[in-house]
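[1] show me how the following folds:
(chains A and B)
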There are 2 protein chains.
Amino acid sequence: MPGVTHGVGRAPANIALVKYWGKRDEELNLPVTGSLSISLGRLGSAVELKPTGGPTDAVWLNSAPLPLNSAFAKRASAYLDLFRPTPGHWYEVQARNTVPTAAGFASSASGFAALARALDDLYGWGLSTRELSILARLGSGSAARSLEHGFVEWQAGSEPDGMDCFAERVAAEWPALRVGALVLCSDEKPIGSREGMKRSVETCGFYREWPGRVAEDLALLKRAIAEKDFAALGAVAEANALAMHALMAATRPPIVYALPETVAAMRAVWAAREEGLGLWFTMDAGPNVKLLFDAQDEAAVRARFPAVQVVAPFA
Amino acid sequence: MPGVTHGVGRAPANIALVKYWGKRDEELNLPVTGSLSISLGRLGSAVELKPTGGPTDAVWLNSAPLPLNSAFAKRASAYLDLFRPTPGHWYEVQARNTVPTAAGFASSASGFAALARALDDLYGWGLSTRELSILARLGSGSAARSLEHGFVEWQAGSEPDGMDCFAERVAAEWPALRVGALVLCSDEKPIGSREGMKRSVETCGFYREWPGRVAEDLALLKRAIAEKDFAALGAVAEANALAMHALMAATRPPIVYALPETVAAMRAVWAAREEGLGLWFTMDAGPNVKLLFDAQDEAAVRARFPAVQVVAPFA
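    Purely as a prediction, here's the structure:
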């Protein structure tokens, strides 16, 4: 492709309000269920991609070169394998996360979504958002949800090739919605999501009930969004996160991400709610807790959680 | 019944290794699944029962009179209603718990088992252990398991009248088995087992998979007992307890008994095991953690958990 020198892409991070846990296809990252997330506005990833002479890919994160055997560099190279015009065609990947360092927001979703956009830019494919969602999903399942801002629903689809498995924006604005990150632990997770969800699907009998639970929770969440019912949104997000962590705990052997600080934060949220504050939480596959609240309560939330990092998804 | 002046009964406390969560009959305390417990030797309850002139029952616990509207006094009176020769026939109940105060061992199981024995003694029924198990169950489900020492299996049964729903001793001795109580919180539970399990059965989709899970875990546990395989016993008890707490967390609204200290204790057990110590835990419907270990490791367990209260079930 003569004349093409580099491509760029950006994508927001996202946090699921109804969770993704379990694949129906490991290779294509096709999920068993749908999920619904909120994108985190300016927080996310930017990727610059250019062909290089090799003799390998070169992956940089926030201006530092990554060892090629690091988890992210390996995943990025394996992803780029899908797109090399010829074997031995190498890339330099400059990735920047605008998520605050160690804020506990997953960066693989925004990273692969930005990389898909950079590929599209580099090669001038002119793909639609839907097509980019499919492409990003091949790098990381939840990346399918990081091509859009606002609320995003990822359809599980049913086709074996995954061409009906993409995410789309939910037509709703909620400018007062706030997401607060409580960073309780920034260590590497003892077991990654990919391995954890595989183990749940294979060994956790409760998993058979998960698709039905997600279907119910998606319906509740979409109604809450349509009706701008914040208490309903918070309740379904919190309960769905606890149900996902329940699946993990009932897996054999059990997967428990919670730390003492996780339970302390959950209980602090419940105590705040008992006192009338409109505060809920969600948790991804890790020990960190994300708060959900309305902009009008930000001062009260900060008073209780001084270390909270607040994101305005619709700002 | 002239000449009968008083009856006495004693019963051990028990802790389930495969848990009981969910009733198929609320009135008769018939469980959805079987369960298997270890009785706690000399720790338990003693009850002295005698008819009195009234005008109400009088219930004493550890030499202190209980208000008649206290939870235990109300449950004891409601239970005695089943046996009064005539309405207005009142009892004085003197209950003593030999469980260390606030050790986090449930006393309702041993209390109702001891009360069933005291009724049998008072009226000279000469009931078999199996019949006493059925009788005790009417007061508190898990009391069915407190009529025997050692390992005790409670059959779920299938008859609507519950006459095939009783517990029996598992023929096995395991003198080196130790149970350690870590008391993390002695407050009243925010939601009792009776209400909690009802809510799980009614609202938790995962509950549909619970009977299958219990059946598997009972088979694993009975094999571990037969083969004196302590690691297998510990693993199934720990995983089953986590699965029960998972059911609770996936209930709507969620039920979470864990405190920060609960997670800290769980993680301390896992850390000890990583270092080679044969240590597992179980938890009932509450925040407290019970350790399971072999007598040879008692010093090592005490070194890590100085406040542990150790019970030798077969001593």
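[2] up against chain B, what does the stretch 151-300 of chain A have?
    Neighbours of chain B within the stretch 151-300 of chain A, by CB under 8 Å from any CB of the partner chain: A:205-206, A:208-209, A:212-213, A:235, A:238-239, A:242-243, A:245-247, A:249-250, A:252-254, A:256, A:258-264, A:266-267. Where C-beta positions appear, they are placed from N, C-alpha and C, glycine not excepted.
[3] in helices, which of these fall?
    Under the assignment DSSP state H, these contribute A:212-213, A:235, A:238-239, A:242-243, A:245-247, A:249, A:260-264, A:266-267 to helices.
[4] how about stretch A:266-283: buried residues?
    For stretch A:266-283, burial by neighbour count (16 or more other CB atoms under 10 Å in any protein chain shown) applies to A:266, A:268-270, A:272-273, A:277-283.
[5] with secondary structure and pLDDT added, can I get those in CSV?
    Below are the buried residues of stretch A:266-283 laid out as CSV (DSSP: H, G, I helix; E, B strand; the rest coil; pLDDT from 0 to 100):
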residue, secondary structure, pLDDT
A:Met266, helix, 98
A:Ala268, helix, 98
A:Val269, helix, 98
A:Trp270, helix, 98
A:Ala272, helix, 98
A:Arg273, helix, 98
A:Leu277, coil, 98
A:Gly278, coil, 98
A:Leu279, coil, 98
A:Trp280, strand, 98
A:Phe281, strand, 98
A:Thr282, strand, 98
A:Met283, coil, 96
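[6] among the ones in helices among the residues of the stretch 151-300 of chain A next to chain B, which ones are buried?
    Judged by 16+ other CB under 10 Å, buried ones among those: A:213, A:235, A:238-239, A:242-243, A:245-247, A:249, A:260-264, A:266.
[7] which parts of the stretch 1-150 of chain A are helices?
    Ranges of helices within the stretch 1-150 of chain A are A:71-80, A:108-123, A:129-137, based on DSSP state H, counting those that start in this stretch.
[8] tabulate the ones you listed in TSV, adding columns for distance to chain B and mean pLDDT.
    Output for the helices of the stretch 1-150 of chain A, formatted as TSV (distance: least, CB to the nearest CB, whole Å; pLDDT from 0 to 100):
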stretch	distance to chain B	mean pLDDT
helix A:71-80	22	92
helix A:108-123	25	96
helix A:129-137	27	97
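[9] can you put those in a markdown table and add mean neighbour count?
    Converted to a markdown table, the helices of the stretch 1-150 of chain A look like this (neighbours: other CB atoms under 10 Å in any protein chain shown):
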| stretch | mean neighbour count |
| --- | --- |
| helix A:71-80 | 18 |
| helix A:108-123 | 26 |
| helix A:129-137 | 23 |
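[10] of those, which is nearest A:Pro51?
    Checking the helices of the stretch 1-150 of chain A against A:Pro51 by CB to CB gives helix A:108-123 as the closest, at 8.0 Å.
[11] kindly calculate the angle that the closest one makes with helix A:129-137.
    Here helix A:108-123 runs at an angle of 120 degrees relative to helix A:129-137 (axes from the mean of the first three to the mean of the last three CA atoms, to 10 degrees).
[12] show me what helix A:108-123 is packed up against.
    strand A:7-18, strand A:35-52, helix A:71-80, strand A:90-97, helix A:129-137 (3 or more CB pairs under 8 Å, 6 or more residues apart in numbering or on different chains; DSSP states H and E).
[13] let's have these in TSV, adding distance to A:Phe230.
    TSV is the format used below for these (distance: least, CB to CB, whole Å):
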stretch	distance to A:Phe230
strand A:7-18	12
strand A:35-52	13
helix A:71-80	35
strand A:90-97	29
helix A:129-137	27
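[14] identify the residues contacting stretch A:62-79?
    Residues from elsewhere that reach stretch A:62-79 (CB atoms under 8 Å, 6 or more residues apart in numbering or on different chains): A:56-61, A:93-97, A:108, A:111-112, A:115, A:138-140.
[15] out of the residues you listed, which are buried?
    Among these, the ones that count as buried by 16+ other CB under 10 Å are A:57-59, A:61, A:93-97, A:108, A:111-112, A:115, A:138-140.
[16] check contacts around A:Gly22.
    Contact analysis of A:Gly22 by CB under 8 Å, 6+ apart lists A:Pro31, A:Val32, A:Thr33, A:Met197, A:Ser200, A:Val201, A:Tyr207, A:Trp210.
[17] give me the neighbour count for A:Pro67.
    Counted with other CB atoms under 10 Å in any protein chain shown, the neighbours of A:Pro67 add up to 10.
[18] tell me how far it lies from chain B.
    A:Pro67 is 27 Å from chain B, where distance means CB to the nearest CB, to the nearest Å.
[19] and if you look at A:Leu82?
    37 Å.
[20] chain neighbours aside, what residue packs nearest to that residue?
    Among residues not flanking A:Leu82 along the chain, A:Leu138 sits closest, at 6.4 Å (CB to CB, 6 or more residues apart in numbering or on different chains).
[21] for the one you found, what are its contacts?
    So A:Leu138 contacts A:Leu28, A:Asn29, A:Tyr79, A:Leu82 (CB under 8 Å, 6+ apart).
[22] correct me, but A:Thr203 touches A:Arg252?
    Yes. Using CB atoms under 8 Å, A:Thr203 makes contact with A:Arg252 at a distance of 4.2 Å.
[23] who's more crowded, those two?
    When neighbours are counted by other CB under 10 Å, A:Arg252 comes out ahead of the other of A:Thr203 and A:Arg252, with 19 against 13.
[24] quick one: contacts for A:Ala16?
    Residues in contact with A:Ala16, defined by CB under 8 Å, 6+ apart, are A:Ser35, A:Leu36, A:Ser37, A:Ser142, A:Arg145, A:Thr282, A:Asp284.
[25] cool, and A:Ala268?
    So A:Ala268 contacts A:Arg304, A:Phe305 (CB under 8 Å, 6+ apart).
[26] one more time with 7 Å, if that's ok
    A:Arg304 (CB atoms under 7 Å, 6 or more residues apart in numbering or on different chains).
[27] any idea how far the residue in the stretch 51-200 of chain A positioned nearest to chain B lies from A:Val289?
    Closest residue of the stretch 51-200 of chain A to chain B, CB to the nearest CB: A:Pro190 (9.8 Å). Using CB to CB, to the nearest Å, one obtains 18 Å as the distance from A:Pro190 to A:Val289.
[28] can you check A:Ala167 too?
    From A:Ala167 over to A:Val289 the distance is 24 Å, taken as CB to CB.
[29] thought A:Gly286 was touching A:Lys189?
    Yes. With contact defined as CB atoms under 7 Å, A:Gly286 reaches A:Lys189; the gap is 5.4 Å.
[30] these two: which is more packed in?
    Per other CB under 10 Å, whichever of A:Gly286 and A:Lys189 has more neighbours is A:Gly286, with 21 against 15.
[31] okay, buried residues for stretch A:209-223 please.
    So, applying 16+ other CB under 10 Å, buried residues of stretch A:209-223: A:Glu209, A:Trp210, A:Pro211, A:Arg213, A:Val214, A:Asp217, A:Leu218, A:Leu220, A:Leu221, A:Lys222.
[32] just the closest of those to B:Lys50, please.
    Nearest to B:Lys50 among these is A:Glu209, at 50.6 Å by CB to CB.
[33] how many neighbours does the closest residue to that closest one other than its chain neighbours have?
    Setting aside the residues directly before and after it, A:Glu209 is nearest to B:Gly205 in space (CB to CB, 6+ apart), at 4.1 Å. The number of residues packed near B:Gly205 is 18, by other CB under 10 Å.
[34] end to end, how far does stretch A:161-170 reach?
    Start to finish, the residues bounding stretch A:161-170 are 24 Å apart (CA to CA, to the nearest Å).
[35] how far away from the center of its chain is that stretch?
    15 Å (CA atoms, centre = their mean, to the nearest Å).
[36] residue contacts, the closest residue to A:Gly196 other than its chain neighbours?
    Closest residue to A:Gly196 apart from its sequence neighbours, by CB to CB, 6+ apart: A:Ile255 at 5.2 Å. By CB under 7 Å, 6+ apart, the contact set of A:Ile255 is A:Ile191, A:Gly196, A:Arg199, A:Met248, A:Ala249.
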